[in-house]
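[1] Sequence and predicted structure are below.
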Amino acid sequence: MIIQLEKNITDIQRATLEAKLNAIQYKTAEVSTQYSEYIVGVGKKEFDIRSIGTMPGIRDIHRVSDAYKLVSKKWRVEDTIIELGDGLKIGGGHFEIMAGPCSIESEEQIETTIEHLVKNGVRIMRGGVYKPRSSPYSFRGLGIDGLKLWHQKSREAGIKIITEVMMTDQIDDMLEYVDIFQVGARNSQNFNLLDALGKIDRPVMLKRGISGTIDELLQSAEYIFSNGNERILLCERGIRTYEKAYRNCMDINAIAMLKEKTHLPVIADPSHGIGVRRFVESVALAGVMVGADGVIFEAHQCPEKAFSDGQQTLNFDEADALFTKLRKTFAFKQNL
């Protein structure tokens, strides 16, 4: 059960409501976000919902049987729209592309990538300054100094930044320079990190874990929402199976299922989803056709020289073609 409270609810009204819920053996949790205040009630006893909904200080009340309640579409029928400023929106019929290298490597690379994105009307640049790598000897990013340089160049060009945060103690240092925090697959169930990201007013893109189920992804999103941050994007980036022909198994089904289960925007990541450059375009377009609100993919001026993930990264000519096809495919999907 989700109870949305009126902004002017009094302390007496709140206490009366909680006493009523306790009387019917419902465990309660208060949630205060950027936009509203809620009480989440968990219990099994059947009761007349009107006996709660008509109490003073309550704006709305909903029955939600899912374990993940706040991110469920059972209470918020309208899709959430994430506003990034400067007219940029994701979700609810608004589609955006995010592109850029796997890793931020140098000032020159930042400048050439920004020039490429601006030319194509893409306003969100992806890239990593803290890189979780399987080998400790691989390139692991330029850190906060690289992020500051990237931020300076991006702001001059009107470009937004999405980048991965790996630890809770990185958040404060990164906050001024990041428009969307990305939680990578390896941290999808790092609940301390999710709790901390729930306490800031900045969009968070949460990637599905390598072996995570859809419900586990939604439960992870619930951690962020329940700590106060409603500005959440979900990302399907492929899961690990027994197949060795490609990097991951891009679960196109998951995009369609998530659009049914949650009001949050869903992003497709075909680069990690298949991990093979020549198939990235097809997988990206398939993601749009099943309902993705955006696509994030890797692009580099010369993928063969990229510090990481060159095998799944498009060159600029390939990215140019995909930008056009993505927009045409989204427009076609909207008109079906």
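    Thanks, I have it.
[2] separation between Ser51 and Thr112?
    With distances taken as CB to CB, to the nearest Å, Ser51 is found 63 Å from Thr112. Just so you know, the C-beta spots here come from the backbone N, C-alpha and C atoms, and that holds for glycine as well.
[3] These two: who's more crowded?
    Comparing Ser51 with Thr112 by other CB atoms under 10 Å, the one with more neighbours is Thr112, at 16 against 10.
[4] And this structure, what are its domain boundaries?
    By the record's domain assignment, the chain is partitioned as 2-62, 82-334 (automatic domain parsing).
[5] which of those domains sits most buried?
    domain 82-334 (a mean of 19; mean count of other CB atoms under 10 Å).
[6] gap between the two ends of it?
    Distance across domain 82-334, first residue to last, is 19 Å (CA to CA, to the nearest Å).
[7] Show me how far that domain is from its chain's centre.
    Centroid separation for domain 82-334 versus its chain: 8 Å, with CA atoms, centre = their mean, to the nearest Å.
[8] what sits against Val129?
    Going by CB atoms under 8 Å, 6 or more residues apart in numbering, Val129 touches 103-104, 141-144, 146-147, 150, 163.
[9] And it, how far from Thr33?
    Relative to Thr33, and taking CB to CB, Val129 is found at 28 Å.
[10] cool, and Trp150?
    Look at Trp150 and Thr33: by CB to CB, they are 29 Å apart.
[11] contacts for stretch 247-255?
    208, 210, 214, 236-241, 243, 266, 268, 270, 272-276, 283, 286-287, 290-292, 312.
[12] quick one: terminal-to-terminal distance for that stretch?
    Taking CA to CA, stretch 247-255 runs 19 Å from one end to the other.
[13] Same question for stretch 156-166.
    27 Å.
[14] try stretch 207-217
    End-to-end distance of stretch 207-217: 8 Å, with CA to CA as the criterion.
[15] Now do that stretch, average pLDDT.
    Across stretch 207-217, the average pLDDT comes to 97.
[16] same check, this time on stretch 306-318
    95.
[17] and it, how far apart are its ends?
    Span of stretch 306-318 from end to end, CA to CA: 16 Å.
[18] Which element, helix or strand, includes Ile110?
    Assigned by DSSP states H and E, Ile110 belongs to helix 107-119.
[19] Residues contacting that helix, please?
    Residues contacting helix 107-119 (CB under 8 Å, 6+ apart): 99-101, 104, 123, 125, 127, 149-150, 153-154, 157-159, 299-301, 316, 319.
[20] Which ones among those map onto helices?
    Among those, the ones falling in helices (DSSP state H) are 149-150, 153-154, 157, 316, 319.
[21] Adding distance to Asp86, write the residues you listed out as TSV.
    Below are the ones in helices among the contacts of helix 107-119 laid out as TSV (distance: CB to CB, whole Å):
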residue	distance to Asp86
Leu149	21
Trp150	17
Lys153	16
Ser154	12
Ala157	12
Phe316	24
Ala319	22
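[22] Out of these, which comes closest to Ala196?
    Nearest to Ala196 among these, counting by CB to CB, is Trp150 at 22.3 Å.
[23] Look up how far Ile162 lies from the residue nearest to Leu88 when sequence neighbours are not counted.
    Computed as CB to CB, 6 or more residues apart in numbering, the closest residue to Leu88 that is not its neighbour in sequence is Arg123, at 5.9 Å. Plainly put, Arg123 is 11 Å away from Ile162 if you go by CB to CB.
[24] Local confidence estimate at the residue nearest to Leu88?
    The per-residue pLDDT of Arg123 was computed as 98.
[25] tell me the phi and psi of it?
    Main-chain torsions, Arg123, degrees, to the nearest 10: phi -120, psi 10.
[26] one step back: taking the contacts of Val129 one by one, which sit in helices?
    Reading helices off the contacts of Val129 with DSSP H, I get 143-144, 146-147, 150.
[27] so which of those would you say is closest to Ile232?
    Checking those against Ile232 with CB to CB, the nearest one is Leu147 at 21.7 Å.
[28] Return the distance of the residue nearest to that closest one when sequence neighbours are not counted relative to Met166.
    Distances taken as CB to CB, 6+ apart put Val129 closest to Leu147, at 4.5 Å, once the chain neighbours are dropped. Distance from Val129 to Met166, counting by CB to CB: 10 Å.
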